[in-house]
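> next comes the sequence, and after it the predicted model I'd like to discuss.
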Amino acid sequence: MFIVNVEGAVCRDDQWLVITRSMKEEHAGGTLSLVGGKVEVEGNTLDILERTVKREFYEEIGIEIKDSVTFVYSSSFVTEDGYNVINVVFLCEYDSGTAQRKSPDEVEAVHWMTYEEIMNHPKAPPWTKESVKRAAAARK
């Protein structure tokens, strides 16, 4: 069995929207990350991944993204606690709202950073760099 996680990559004016994960987070606390979270059980439904990424943006940082999201890539990993996770990254387009820390248990800080700033940031883990790299390629 897998936990399914989704993340969204938003770029505006050549800056990417990333967060510093709260130290309260069980996985990768204190690191740079795209906005995202776990898919919740909804029974039989359509577009669950897309709706989840939209919900996570609103819950964590208070912004709306446009309905159309583009699949970038998927990966899998095992958490420190031994949980198997499938991670799905989408390229998303900003719609409205001001990005701010809305969920302190999940988000320490919100940042708009250039590609280079993320790639050179000491708290950017390899998987965040990979996601931003692939999202940047998908924008072209």
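Arrived safely, thanks for sending. Numbering: from 1, shown residues only.

> which stretches of the protein form strands?
Listed in chain order, the strands found in the chain under DSSP state E are 3-12, 15-21, 32-33, 35-38, 64-65, 70-78, 84-92, 94-96, 107-113.

> out of these, deepest packed?
Neighbour counts (mean count of other CB atoms under 10 Å) averaged over each of these peak at strand 32-33, with a mean of 23. C-beta here means a position set from N, CA and C on the backbone, and glycine is covered the same way.

> show residues contacting it.
For strand 32-33, the external contacting residues (CB atoms under 8 Å, 6 or more residues apart in numbering) are Glu7, Val18, Ile19, Thr20, Arg21, His111, Ile118, His121, Lys123, Ala124, Pro125, Thr128.

> in this structure Val72 contacts Val10, no?
No - in this structure, Val72 is not within contact of Val10 by CB atoms under 8 Å, at 11.9 Å.

> figure out which of the strands of the chain is closest to Thr52.
Thr52 lies closest, by CB to CB, to one member of the strands of the chain: strand 3-12, at 4.9 Å.

> contacts for that closest one, please.
Taking contacts as CB under 8 Å, 6+ apart, the residues outside strand 3-12 that touch it are 16-17, 33-39, 49, 52-53, 56-57, 65, 69, 72, 83-94, 112, 131-132, 135-136, 139.
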